[in-house]
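[1] Structure for the following, please:
(one chain, ligands or ions: 1)
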Amino acid sequence: TDVRVDVVSIFPEYLAALDISLVGKARASGLLDLRVHDLRTWTTDRHRTVDDTPAGGGAGMVMRPDVWGAALDDVMEGEPAHLIVPTPSGETFTQRTAEALAEQERLVVACGRYEGIDARVVEAHRAAGGTVSELSIGDYVLNGGEVAALVMVEAVARLLPGVVGNPESLVEESHGAAGLLEYPVYTKPPTWRGLDVPEVLLSGHHARIARWRRDRSLGRTAQRRPDLIAALDVSSLDRADLDV
Ligand SMILES: Nc1nc2cc(Br)ccc2s1
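    Residues are numbered from 1 along each chain as shown. Next up, the predicted model:
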C-alpha cells in the first residue's frame with residue numbers, strides 16, 4: 001500500500017526539494033503520497049502567531065500547543081498516524097529507524113522552530129493512543145526541523161518498493177544490513193591523472209573482488225567509525241574475513 005507522509009512547517013517551501021528526482025518520481029507515480037502544510041493555516045489571530053514566551057522564563061520562544069493541536073488534528077483526519085518530531089533532544093535517526101518508519105502506512109512530521117514545540121502536543125498525541133518518535137538526525141543544532149524532515153523523508157522514501165530503480169543498489173551500501181561503511185568505488189578510465197584503478201577490480205576474479213571490497217569496508221569502518229565495529233554482528237562476516 002502507498003505511504004502517506006504529511007509534513008507541517010512554517011516554511012513549507014523548504015520541503016519543495018522533495019519534488020525533485022527520486023522522491024518527486026515516487027510522488028508522481030503514486031508510490032508516495034507526500035503533502036506539505038503551512039502551520040499558519042491553523043493560526044487564530046491577525047498576526048498568524050505560532051509562538052509564545054517560554055513558561056519558566058528563558059530565552060527564545062516556544063511553539064504554541066493550540067495551533068499545533070489544530071493542525072495535527074486536521075492533518076491526521078482521525079487516522080492514527082505515526083508522529084515524527086525532529087528535535088536535537090531526540091533519539092538518533094539511523095538507517096534502522098528509516099527501515100522501521102518505511103513499514104508505517106502514515107507518517108506526520110511536525111517541523112518545530114524556535115526552542116521547540118510545547119511538550120503537551122506530543123503528550124496529547126500519546127494520550128489519544130498515537131505513537132510518536134522524537135528524532136534527531138545528528139549531534140548538531142539546526143534552526144528548525146525542516147532540514148531533518150528532508151533527510152528523514154528521503155531516507156524512508158528510497159526504501160519504498162519501486163522508488164529506487166534497482167533494488168540491488170539498496171543492498172550494498174553504507175550502514176546497510178552488514179553495518180559496514182562502503183568500499184571506495186571506481187569507473188573508467190583505468191588510469192586517470194596518473195592514478196590507476198586497483199588491479200583486482202579489473203581482474204574479473206569475482207571472489208577476489210568481493211574479498212577486496214570486504215577488506216576495504218572493514219578497514220574503512222575501523223578507521224572512520226570504530227563505534228560501528230563494536231556494534232558489528234560478527235556472524236555476518238564469514239570466516240575468511242576474520243583472518244585479516
Ligand atoms: N538536529 C536538529 N536540530 C534541530 C533544531 C530545531 Br529548532 C528543530 C529540530 C532539530 S533536529
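
[2] Residue 157: what's it in contact with?
    Shown in contact with residue 157 (CB atoms under 8 Å, 6 or more residues apart in numbering): 3, 5, 22-23, 26, 32, 34, 163. Just so you know, the C-beta spots here come from the backbone N, C-alpha and C atoms, and that holds for glycine as well.

[3] The closest residue to it other than its chain neighbours is in what secondary structure piece?
    Nearest non-adjacent residue to residue 157, counting by CB to CB, 6 or more residues apart in numbering: residue 23, 4.8 Å away. Element membership of residue 23, judged by DSSP states H and E, is helix 21-28.

[4] Could you check that helix and say which residues are buried?
    For helix 21-28, the neighbour count (16 or more other CB atoms under 10 Å) marks 22-27 as buried.

[5] Could you list the domains of this structure?
    3-157, 174-242 (automatic domain parsing).

[6] which residues in the protein form helices?
    Along the chain, counting by DSSP state H, helices occupy 21-28, 65-76, 95-101, 120-127, 146-157, 168-171, 206-224, 226-231, 239-242.

[7] Nearest to the ligand, out of these?
    helix 146-157 (4.2 Å; CB to the nearest ligand atom).

[8] near the ligand, anything from that closest one?
    Yes. Contact of helix 146-157 with the ligand (CB under 6 Å from any ligand atom) involves residue 148.

[9] Close to the ligand: what parts of the protein are there?
    Applying CB under 6 Å from any ligand atom, we find that the chain lies next to the ligand at 86-88, 112-113, 136-138, 140-145, 148.

[10] What subset of those is buried?
    Here, 16+ other CB under 10 Å leaves 86-88, 112-113, 136-137, 144-145, 148 buried among the residues of the chain next to the ligand.

[11] Throw those into CSV and include distance to residue 224, thanks.
    CSV is the format used below for those (distance: CB to CB, whole Å):
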residue, distance to residue 224
86, 25
87, 27
88, 24
112, 31
113, 33
136, 21
137, 19
144, 29
145, 28
148, 23
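
[12] Rank those residues by pLDDT and give me only the lowest.
    Minimum pLDDT for those is recorded at residue 113 (93).

[13] Adjacent strands (with direction) for the top strand by length along the chain?
    Assignment by DSSP state E gives strand 82-92 as the longest strand of the chain. Counting by DSSP bridges, the strands paired with strand 82-92 are strand 106-110 (parallel), strand 132-136 (parallel).

[14] then the last one to CSV, C-alphas only?
    Output of strand 132-136 as CSV, limited to C-alpha atoms (Å, rounded to 0.1, in the frame of the first residue of the first chain):
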residue,chain,number,x,y,z
VAL,A,132,5.5,9.3,18.5
SER,A,133,9.2,9.3,17.6
GLU,A,134,11.2,12.3,18.7
LEU,A,135,14.2,12.1,16.4
SER,A,136,17.5,13.9,15.8
